[in-house]
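Undergrad: predicted model, plus sequence, below.
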Amino acid sequence: MTQPATQASAPALTREQHLDLYYFMQLNRQLEERMVRLFRQNKIVGGLYSSLGQEAVSVGTCYALEKRDWIAPMIRNIGALLVKGVPPRDIFTQHMAKFTSPTLGKDGTSHFGDLKVRHIVSPISMLGDLIPVMTGVAMAGRYLGQNIVALTWIGDGGSSTGAFHEGLGLAASQRAPFVLIIENNQWAYSTPVSRQVPIQNLADRGAAYGIASVIVDGNDVVAVYQAAKEAVNECRAGRGPRIIEVKTMRMRGHAQHDPAEYVPKEMFDYWKARDPLTLYEKYLTENKIWDAAAKSEIDARIERELDVEQKFAEDSPLPPPELAEEGVYCDGCHKIEADWKRAKSEVTPPKSSIDPTWRLKDLPAYTQAAISGGNGAKNSAAQTQTPVPAPVAASSASPAMQKTTPAATPERAETQPEHLAAGVAAEDPAVPRVPFGRGPKDKAFRQSPENPQNKPAYSRAPKEKSFSRAPQEKSFSKGPRNKSFGKNAQGKPFTKNPQDKQGRR
Amino acid sequence: MSHTAPNLSSKTVPTSGPITMVDAIRQAMFEEMERDPAVVAIGEDIGVYGGAFKVTDGLLAKFGRERVIETPIAETAIIGAACGMSFLGLRPVAEMQFIDFIACCFNQVTNFVAKSHYLWGAPVPMVIRGPSGGGVHGGPFHSANPEMYFVHTPGLKVIYPSTPSDAKGLLKSAIRDNNPVLFFEHKYLYRRLKEEMPPGDYTVPIGKAIVRRPGRDLTIVSYAAMAHTAMEAAVELAKEGIEAEVIDLRTLLPLDKDTILNSVKKTNKLLVVHEDTRTGGIAGEIAALVFEGAFDDLDGPVARVTALDTPVPYSPPLEERFLPNTEKVVAAARELAKY
C-alpha cells in the first residue's frame, strides 16, 4: 500500500481550499446518507449506488480541474458533480425521477450532463464508453484552442472492456489532453480485482499504451488532489494523456439490494479504519488548519442546504406522461455552435494544407533500423526512444505516489518480408495454375477443360410452379376492383370475413 | 446506367461534367469542410491513402491532420471520439472502412450517440458514413446491409441514396443536421454510374422519398442499388403493358410515409424490393404502414422481393442466388399485377 500524503509534499493549498475539500466530501456523504433514507422510504425510483468510502476520489480529482475543463462521471462520482457546481437538488430529483430533474425524468441516478455551463458529459451504463468520448472532447477542445482537459473515471471492472482499450489507444496516439482515473475499489460487483486481472496494479497498463501513470492512495484526498493536479497540468502543457490509479474500497454492495456478503470482514475492517473523511478530519486538526468551530459551522451549513434541496425534490412532481413522446430528435431546439478560441484561418486552406505523405521521420522504428545498419528487429529495442514524454522528475513527486512510467517501449522495426525481398517466385509446375491474368497463358487455361470454372455449374431443373392462382379468383381486400363483389352498404366488401358480407360498416 | 472505369489516382475533385457517386460524395466533403471549419473527418486510412474506396482522397492535403484524423483500427474509439467532438460543437464525419464494421461500435452508436438528445438534451451532430451492400463479391463481412439495426434505433437518421446527385445533396444535409445520421453508400454504385451535379450549393432534404417513374398498375418501393433494379424491372414490365410506379426511398428513417401511401392509393398494389435480408427488413414495416393507412385501397397482398435470410455468401453463383435481381422483381410484379 502507498502511504498517505504528508504536509510537506502538499502543494500550496490554502486554508479555504482545504476547507472546500472537506465541505464537498462531507456534502457528498451526507447527501448519499439522506438518499439511503429516502430509498428505505421507497422514494427513490430504481437502484441506489453508494460511493461510501470513495468520496476522496471524486472530490480530490475534480477539485484539480478548472471551470472550463470537462468531466464525465461514473455512477459513484456524485462528489465530482458537486465540485463541478451541480446543486444537490439535481441529484435528489434524478434519483426520484422527478420532472424537475436535469433529464426531466427520462433517466435517473447521475446520468445527466451539462454541455454549456458546467461541461459535464452524461454517462451511460455500459462501462468504458466514456473513455473514447472524453478523448474526443479533449481533441475537440484542443482543435478549438480552448486549452481544456477532459477527465473521466473507470472502475477496476470497467478497465476490462474493449472501449477502455480502444479509447486509451486513440488518446495515446492523439496525445489528447485526457486524464483517466482508474478507481480501483477492489470489487466489480461481486468479483475481486484478482479474479479479473492477473496484475497487481492497473496503472501498469499505462505502459502498454505509452501513457505515463501513477498510483495513489484513494482515501487520502490531498494525495489524490496532488496527483490529479499534476496530471491535469501535464495535459494542459500538451503532455497528455495521463492515467492515475487510485486504490480505494467500495464500502457497500454494488447497489442497495446487495449486502456484499462476499467481501471478507477483515477487508471492511481494514478500510473502515482508513475512512477518507476521518483521515482528512484528523489531518486538518493535526495541521491546525481548522478548529472544532470551523467544522461545526461547515456541518451545519451542509445540513441547512440539504434540508432545502431535499424538500424541493420531494415536493416536485413526476413528469407528465406525454413527455415520453418528445425529444428524440433535435429539431432546432438546441443551437449548435463551437466556441472558437483560435483563428479559424489556421484550420482552413491555404494554411491547413499539407503535403500528404509519410516521411521517414514518421517511421521512427524504421529509421532506427536503418541507422544501426543491421537487423532492426534485434537492435532497435535498446536504442528506440520512448515515444511518450519523459515522466515528471521523481524529485517533484509526492511520497504518496508510486510512479509507474512507461518503459522504453521497444518498437518493432519494419523489415522486408523475405518472400517480397526475393522477388517474384519462379513458377512451380506442380501447383495448378490460377488464371488471374489476361495474358495468353491464362487465356488458354481459362478455355481448357482443366479449368474448374468450365465444369458445368451446379444446376437444377427449373422448378415447376406448384402454387398458382387464377387471376380473377382473388378478392381478399377492399380495393376498387374488389368492389364488384357483392357490395355492402358502403360498397366495401371484405369477402373473407363473414361480417363484411353482412355489411359490417 | 453508364459504366465507367474507376479513377483511383484523382486527387482533385472534378468541377464539371458528369461524375461518379464516389466523386459526388468527395465533392460534398470538400465543399462542407470548406464551408464550415467545424466539419472534420475521422476514420481509418482516410488520410494519406484517401480511404479504402478513395472517398476522402485529397482531403488531408487540403485540410491537414487536425481535420482529417487517422485513427487506429478501433471503431468504438472512432464513434466515441466523434461523439465527444460533437459535444463541443464540431460536426465530425466518421468513416467506417466498410459499414459491416459498424457492428464493432454498435453500443457506442445505439446507446450513447442515439440516446443523448432524448435523455439529457445533448444533440450529437455527427455523420457515420461507409460503403455497404453486395453484388461485388466482397463476401459475408464486406457486403452487408445493416441499416435495419439502426432504423430500429430511435434518435438516429438513416440515409441510403441511389444516385450521385442524391448522395451529394443528402450528405450535405446530413452534415448540417443536428442529429446523428447514418449514411450508407452502396459500393456497387460507387463507380458504375455518372451524373451531372445540379449547380451551386444544393442539398436534398432528409426524409423525402422520390417517385422515379410514374405508373398506374402497381407501386414498387425500393432504395439504393435495388432502386436501379426496380427501374430496370419497370422497363421490362412496361413491355408487357404493366406500368409500375417506382419510388426511391432515399431516407429510411424518418420514413416518408406520405409518398408511399399516396402512390398506393393510386395504384392499389405494392411491391417492396430491398437488398437487405427478408425477416425484419423494411418491407415488413412498409407493409404495416400501408395496412394502417391504405388498407381500403389495396387490390392485392403486399409483396416483397428481398435477399435471402442468410449471410451474404461469397462465390458468385451463391451471391447471385442471394440477391434480388431484375428477373425476380419482374416475376413478383407480374404475379401481383394479376390481382
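TA: Cool, the structure landed.
Undergrad: now stretch A:137-149: average pLDDT?
TA: Across stretch A:137-149, pLDDT averages out at 98.
Undergrad: hmm, it in reach of chain B?
TA: Yes - for stretch A:137-149, a contact with chain B is found by CB under 8 Å from any CB of the partner chain, at A:V137, A:A138, A:M139, A:A140, A:G141, A:Y143, A:L144, A:Q146. In short, each C-beta sits where N, CA and C put it, glycine included.
Undergrad: so how far is chain B from the residue lying closest to A:V83 once chain neighbours are set aside?
TA: Nearest residue to A:V83, sequence neighbours excluded (CB to CB, 6 or more residues apart in numbering or on different chains): A:C62, at 4.1 Å. Taking CB to the nearest CB, to the nearest Å as the measure, A:C62 falls 18 Å from chain B.
Undergrad: report the contact partners of A:C62.
TA: A:I71, A:N77, A:G79, A:A80, A:V83, A:K84, A:L151, A:A228 (CB atoms under 8 Å, 6 or more residues apart in numbering or on different chains).
Undergrad: where does the fifth one fall, phi/psi-wise?
TA: Looking back up the chat, that one is A:V83. When read as degrees, to the nearest 10, the backbone of A:V83 gives phi -60, psi -40.
Undergrad: before we move on, back to that, let me know the pLDDT of the residue nearest to A:V83.
TA: Here, the pLDDT recorded for A:C62 equals 98.
Undergrad: and the one 10 residues further on, by the same measure?
TA: Per-residue confidence at A:A72 stands at 98 (pLDDT).
Undergrad: that one and A:M134 touch, don't they?
TA: Yes - if you go by CB atoms under 8 Å, A:A72 and A:M134 touch, sitting 5.3 Å apart.
Undergrad: which one's more surrounded, these two?
TA: Shown here are A:A72 and A:M134; by other CB atoms under 10 Å in any protein chain shown, A:M134 has more neighbours (30 against 25).
Undergrad: and residue 72, its phi and psi?
TA: You didn't pick a chain, so chain A it is. phi -130, psi 110.
Undergrad: ok, so what distance separates it from A:H95?
TA: As defined by CB to CB, to the nearest Å, A:A72 lies at a distance of 19 Å from A:H95.
Undergrad: how about B:N145?
TA: Relative to A:H95, and taking CB to CB, B:N145 is found at 42 Å.
Undergrad: which residue is the nearest non-sequential neighbour of A:L81?
TA: Among residues not flanking A:L81 along the chain, A:P73 sits closest, at 5.7 Å (CB to CB, 6+ apart).
Undergrad: the one you found and A:H119 touch, don't they?
TA: No - with contact defined as CB under 8 Å, A:P73 does not count as touching A:H119 (11.8 Å).
Undergrad: so for those two, which sits in the more crowded spot?
TA: Each of A:P73 and A:H119 has its neighbours counted (other CB under 10 Å); A:P73 has more, 27 against 24.
Undergrad: residues touching the more buried one, list them.
TA: A:S58, A:A80, A:L81, A:S110, A:I120, A:P123, A:T152, A:W153.
Undergrad: mind doing that once more with 7 Å?
TA: The neighbours of A:P73, taking CB atoms under 7 Å, 6 or more residues apart in numbering or on different chains as the test, are A:A80, A:L81, A:S110, A:P123, A:W153.
Undergrad: give me the low-pLDDT residue ranges for chain A?
TA: A:1-11, A:367-438, A:451-478, A:481-505 (pLDDT under 70).
Undergrad: got it, and chain B?
TA: In chain B, residues with pLDDT under 70: B:1-14.
Undergrad: how does it divide into domains?
TA: Using automatic domain parsing, the domains assigned to chain B come out as B:21-186, B:210-337.
Undergrad: gap between the two ends of the first one?
TA: Distance between the boundary residues of domain B:21-186 (CA to CA, to the nearest Å) amounts to 9 Å.
Undergrad: would you map the strands across the stretch 151-300 of chain A?
TA: For the stretch 151-300 of chain A, the strands defined by DSSP state E, counting those that start in this stretch cover A:178-184, A:187-188, A:191-192, A:212-217, A:242-247.
Undergrad: can you tell me which of the ones you listed is packed in deepest?
TA: Each of the strands of the stretch 151-300 of chain A was scored by mean neighbour count; the highest is strand A:178-184, a mean of 29, by mean count of other CB atoms under 10 Å in any protein chain shown.
Undergrad: just the CA coordinates for it, please, in PDB.
TA: The C-alpha coordinates for strand A:178-184 follow below in PDB (Å, rounded to 0.1, in the frame of the first residue of the first chain):
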ATOM      1  CA  PHE A 178      -7.200  13.500 -21.300                       C
ATOM      2  CA  VAL A 179      -6.900  12.200 -17.700                       C
ATOM      3  CA  LEU A 180      -8.200   8.800 -16.800                       C
ATOM      4  CA  ILE A 181      -8.800   8.000 -13.100                       C
ATOM      5  CA  ILE A 182      -8.800   4.200 -12.600                       C
ATOM      6  CA  GLU A 183     -10.900   4.000  -9.500                       C
ATOM      7  CA  ASN A 184      -9.800   0.600  -8.100                       C
END
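Undergrad: distance from the chain centre to that strand, please.
TA: 10 Å (CA atoms, centre = their mean, to the nearest Å).
Undergrad: just to revisit the earlier point, among the strands of the stretch 151-300 of chain A, which is nearest chain B?
TA: Evaluated over those, closeness to chain B peaks at strand A:178-184, with 9.7 Å, by CB to the nearest CB.
Undergrad: pull the residues that contact that closest one.
TA: Strand A:178-184 is contacted from outside by A:54, A:57, A:61, A:131, A:134-135, A:138, A:149-156, A:159, A:168, A:171, A:193, A:202-203, A:218, A:228, A:231-232, A:235, A:240-248, using CB under 7 Å, 6+ apart.
Undergrad: relative to strand A:212-217, how tilted is it?
TA: Computed with axes from the mean of the first three to the mean of the last three CA atoms, to 10 degrees, the direction of strand A:178-184 lies at 40 degrees from that of strand A:212-217.
Undergrad: quick check: angle from strand A:178-184 to strand A:242-247?
TA: Going by the same axes, to 10 degrees, strand A:178-184 is angled at 20 degrees with respect to strand A:242-247.
Undergrad: for A:I120, list the residues it contacts.
TA: Contacts of A:I120 (CB under 7 Å, 6+ apart): A:I71, A:L81, A:K84, A:G113, A:D114.
Undergrad: put together a markdown table for those residues, with distance to A:D307, secondary structure and neighbour count on each row.
TA: Shown next, in a markdown table, are these (distance: CB to CB, whole Å; DSSP: H, G, I helix; E, B strand; the rest coil; neighbours: other CB atoms under 10 Å in any protein chain shown):
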| residue | distance to A:D307 | secondary structure | neighbour count |
| --- | --- | --- | --- |
| A:I71 | 27 | strand | 28 |
| A:L81 | 19 | helix | 27 |
| A:K84 | 22 | coil | 21 |
| A:G113 | 27 | coil | 25 |
| A:D114 | 24 | strand | 19 |
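Undergrad: and these, which is closest to chain B?
TA: Nearest to chain B among these: A:G113, at 5.0 Å, using CB to the nearest CB.
Undergrad: quick one: contacts for the closest one?
TA: A:I120, A:V121, A:S122, B:W120, B:A122.
Undergrad: neighbour-wise, which of those leads?
TA: A:V121 (27 neighbours).
Undergrad: so for the chain, the centremost residue is which one?
TA: Using chain A. Central residue of chain A (CA atoms, centre = their mean): A:L130, 1.7 Å from the mean position.
Undergrad: contact partners for it?
TA: Counting by CB under 7 Å, 6+ apart, A:L130 has contacts A:A72, A:V121, A:P123, A:T152.
Undergrad: for B:G47, give its distance to A:S190.
TA: Distance from B:G47 to A:S190, counting by CB to CB: 46 Å.
Undergrad: need the residues that contact stretch B:228-235.
TA: The contact list for stretch B:228-235 (CB under 7 Å, 6+ apart) reads B:1, B:162, B:212-213, B:215, B:220, B:222, B:244, B:246, B:273, B:324-326, B:329-330, B:333.
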